[in-house]
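Visitor: just the structure for this:
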Amino acid sequence: MARGRDSGKGTNDTNAQIITTDNGRIYKPQDLLSAISEIQQFYVIESKGQNIPAEFLALERTLDFFKIGMKSGVHEGLALVLLFPVFHFYLFPFVFQRLDTMSHILFGGIPYLALIINTAMCSYISRYYVGNITRKGINSLLMGRAMSLLLKAFLVYVVYLILFRVSTPENIWKVAAHCGSRAEKIYYGFFEIKPHLLPVAGESAMLMVVAAIFPYGSVYFLDLWHRYRLKRNAKRISA
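Guide: Just a heads-up that it's a prediction; the model follows:
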């Protein structure tokens, strides 16, 4: 009887480690914001001095972070690819011809909003780059996003380059001829924007490259600063 009471007491001990094996109940991040929130939770645990092995973040969860990063990069690149031509090849040359400089900057920044916001969020989590799990999660997330954006930047520039090369007067007229009475207007309108194709493609691709690399840079430099502070504090304590 005493043994039964003791075993029951040990079972109900609040300090006992609880490990769940029900995969259906394990929360998985679905988007960039939820992934960052989970990394914040890991940071709270590791910042208290608990040394948790990196293997705690299993391969499946690591791939989840990588996939979320890839999906984020695809969505950002897609928004940029769809909105960029509309603003730079239609609205600015033909609709917003009399915008002042400030308005031009404000409207010109709209295609980059998703890219800027998500880059800022990814740079923000660099402050949580302190332990085994947070490092592994952040690296997986940023690697997936960087690969997606770099691939998208390459494809965007190649597509614009091919479009520039095949845009001969004969080819453009063949396409414009299908537009009936507006054929001549479309023909001359395209050749007004053709000189801007490669510069705009280069600008768009470069911004995606910067958005892919900048969070890594912020992680690297903040990690260097964090290590420097630890060494400095250790020297003060030893002195």
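Visitor: my read: Arg127 touches Asp223, true?
Guide: No: using CB atoms under 8 Å, Arg127 is not in contact with Asp223, being 9.9 Å away. For the C-beta atoms, the positions are set from N, CA and C on the backbone; glycine is no exception.
Visitor: got any ranges where the chain has weak pLDDT?
Guide: 1-27, 93-94, 97, 239 (pLDDT under 70).
Visitor: would you map the strands across it?
Guide: Here the chain has no strands by DSSP state E.
Visitor: what is the burial count for Arg127?
Guide: Residues lying near Arg127 (other CB atoms under 10 Å) number 15.
Visitor: which residue is the nearest non-sequential neighbour of it?
Guide: Leu222 (6.2 Å; CB to CB, 6 or more residues apart in numbering).
Visitor: for Gly202, see how far away that neighbour is.
Guide: Using CB to CB, to the nearest Å, Leu222 is found at 30 Å from Gly202.
Visitor: not counting its neighbours along the chain, what's nearest Leu150?
Guide: Ala212 (5.3 Å).
Visitor: gap between that neighbour and Ala205?
Guide: 11 Å.
Visitor: common neighbours of those two, please.
Guide: Ala153 (CB atoms under 8 Å, 6 or more residues apart in numbering).
Visitor: more neighbours, these two?
Guide: Set Ala212 next to Ala205 and count neighbours by other CB under 10 Å: Ala212 wins out with 26 against 21.
Visitor: tell me the spacing between that one and Pro29.
Guide: In terms of CB to CB, Ala212 sits 20 Å off from Pro29.
Visitor: go on, Asp223?
Guide: Distance from Asp223 to Pro29, by CB to CB: 23 Å.
Visitor: which of those two has more residues huddled nearby?
Guide: Pro29 (19 against 15).
Visitor: show me what contacts the more buried one?
Guide: By CB under 8 Å, 6+ apart, Pro29 lies in contact with 35, 37-38, 64-65, 68.
Visitor: and the lengthiest helix in the chain, what does it pack against?
Guide: Longest helix in the chain, counting residues (DSSP state H): helix 197-238. Helix 197-238 is packed against helix 59-86, helix 113-124, helix 132-166, with contacts defined by 3 or more CB pairs under 8 Å, 6 or more residues apart in numbering; DSSP states H and E.
Visitor: mind listing what's buried in the last one?
Guide: Within helix 132-166, the residues scored as buried using 16 or more other CB atoms under 10 Å are 132-146, 148-153, 156-157, 160.
Visitor: tell me who's in contact with Gln40.
Guide: Contacts of Gln40 (CB under 8 Å, 6+ apart): 125, 128.
Visitor: gap between it and Pro29?
Guide: Relative to Pro29, and taking CB to CB, Gln40 is found at 11 Å.
Visitor: again, but for Thr62
Guide: To Pro29, Thr62 is 12 Å away according to CB to CB.
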